[in-house]
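Enquirer: sequence unknown, structure follows:
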């Protein structure tokens, strides 16, 4: 007879499917936990009996995408020194290239259902930023929603509708919801659009923490001022943490993304540019490069004004970047394999030399 999910874990997303997957771990005396925050080889984890501070050394990995992350479900050994001993397979994961662009990935949040791409209505509109963030969100496997914040700071009421339309044009198939977390305007629509485990992503100064506090109904997240000169904010969120929402669901706030590097995001890019992909399927030639080929449906749509030329340029740019990142990753893996082979060879030689001296 398996244990039923506890009330505590249910508030963090635990369900019957997870209980079934966890059965082999429970049979060995381990207990389920959800990782709420990770720092310096330890983590805050939520268990059936409440929060604990646990060691993450048993699941540490040289690959940044494989180590524990906020949102992970884990098997925990209780006792005087609690430790995470195993991670359950991730259902979804929000992964970006590391800020150093060293061909590694960085997991921002795991097992998420909705990615709230948070952008300020007071910032200069940049379609490329919208598309890049959406590629990151779609690739995670979760559902993206764009939340446009700070509507109360717009001097012209018509500006909100215009900016919302501009954003929607760069985000086919994605809900775009304007709001003011400060006044509460539009927050009912935001709450309805965000479900399950929600990850807030966006640039510094976009109002993620203010939005998060409005969703949480309390000032749990630190907020900061935005510079008037360029509209940028400081990183008031310094680590990712997981918090239950009063109406159900879970929130993960993430530090502001100044660099949005894509990591193995081919499917996400195709989702963002579904309009270009759909037109490409009508081209006369299957390998059409949308350059000068006859019967190119993409070029025809641009000529007719149905597709902005900028969309095709942006699509190509992100595909090139993603291909370059993939080639860097392949080169890194080859270098690591070569290094491991050299280490093994060196170790064997030393072993043979020691054996030779003993004879």
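Expert: Structure received. For clarity, every value in this text was computed on a predicted model and none was experimentally measured.

Enquirer: residue 112 touches residue 251, doesn't it?
Expert: No: Residue 112 lies out of contact with residue 251 (CB atoms under 8 Å); the separation is 10.2 Å. For the C-beta atoms, the positions are set from N, CA and C on the backbone; glycine is no exception.

Enquirer: chain center to the lengthiest strand in the chain: distance?
Expert: Criterion DSSP state E: the longest strand present in the chain is strand 31-39. Centroid displacement of strand 31-39 relative to its chain, using CA atoms, centre = their mean, to the nearest Å, is 17 Å.

Enquirer: who does that strand pair up with?
Expert: strand 42-47 (antiparallel), strand 73-77 (antiparallel) (DSSP bridges).

Enquirer: contacts only, for the residue nearest in space to the middle of the chain.
Expert: Centroid-nearest residue in the chain: residue 94, 2.4 Å away (criterion: CA atoms, centre = their mean). Residue 94 is in contact with 107, 108, 109, 110, 112, 115, 136, 137, 140, 142, 199, 201, counting by CB atoms under 8 Å, 6 or more residues apart in numbering.

Enquirer: ok, back up a step: joint contacts of residue 112 and residue 251?
Expert: With CB under 8 Å, 6+ apart as the test, residue 112 and residue 251 both reach 197, 198.

Enquirer: so for those two, which sits in the more crowded spot?
Expert: For residue 112 versus residue 251, the count of surrounding residues by other CB atoms under 10 Å is larger for residue 112: 28 against 23.

Enquirer: please name the residues that touch the more buried one.
Expert: 71, 92, 93, 94, 140, 142, 196, 197, 198, 199, 252.

Enquirer: isn't the fifth one up against residue 93?
Expert: Yes: if you go by CB under 8 Å, residue 140 and residue 93 touch, sitting 6.0 Å apart.

Enquirer: compare those two (neighbour count), which wins?
Expert: More crowded of residue 140 and residue 93, by other CB under 10 Å: residue 140, with 27 against 20.

Enquirer: spatially nearest residue to that one (excluding sequence neighbours)?
Expert: Using CB to CB, 6 or more residues apart in numbering and skipping residues adjacent in sequence, the residue nearest residue 140 is residue 94, 4.2 Å away.
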